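Novice: Please find the sequence and the predicted model below.
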Amino acid sequence: MVRTGRFLVAGEAEAFALVLAEPLSFWGGVAVESGAIIDQSHPDRGKNVAGRILVMPGGRGSSSAASVLAEAIRLAVAPAAIVLARPDPILTVGALVARSLYGRVCPIAVCAIEGIATGDRVRIAAASAEVAELHIWR
């Protein structure tokens, strides 16, 4: 399956998908030391975002989530990339700050997420400067 979308933060990544049915806030929702989802009310509590293509409807919560995502990227426990159904400026800022300060890239793309399942292999590549191309296979 191939999808196109748009980059909020350009880059390339390939990893297994972790699909969340609900938005997640990195502030108080993700352990910055490990990438584990720690939000007590999130249905995916206990799963780990580190090294995965994180797929979710959108981000949730505090502007402080940007700093938590940037720190997780610095510590190499962040998602390999993030795919959202709707844009999230807070996550975008976190990824852009990490790119600027640490030279580490966590691509963020926006596209339809229906049909992507946890465990699918996902590759995000640039079809152009702004167009993200997602290759998804089981």
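Specialist: Yes, it's here.
Novice: what's the neighbour count on the closest residue to Met56 other than its chain neighbours?
Specialist: Ranked by C-beta to C-beta, 6 or more residues apart in numbering and with sequence neighbours excluded, the top spatial neighbour of Met56 is Leu20, at 4.1 Å. C-beta coordinates here come from the backbone N, C-alpha and C atoms, glycine included. The number of residues packed near Leu20 is 18, by other C-beta atoms under 10 Å.
Novice: For Gly35, see how far away Pro87 is.
Specialist: 23 Å (C-beta to C-beta, to the nearest Å).
Novice: out of the two, which sits in the more crowded spot?
Specialist: Set Pro87 next to Gly35 and count neighbours by other C-beta under 10 Å: Gly35 wins out with 22 against 14.
Novice: Let me know whether that one touches Ile73 as I believe.
Specialist: No. The pair Gly35 and Ile73 fails to qualify as a contact (C-beta atoms under 8 Å) at a distance of 10.4 Å.
Novice: gap between the top helix by length along the chain and the chain center?
Specialist: Secondary structure assigned by DSSP state H gives helix 89-102 as the longest helix of the chain. Put simply, helix 89-102 sits 12 Å off its chain's centre (C-alpha atoms, centre = their mean, to the nearest Å).
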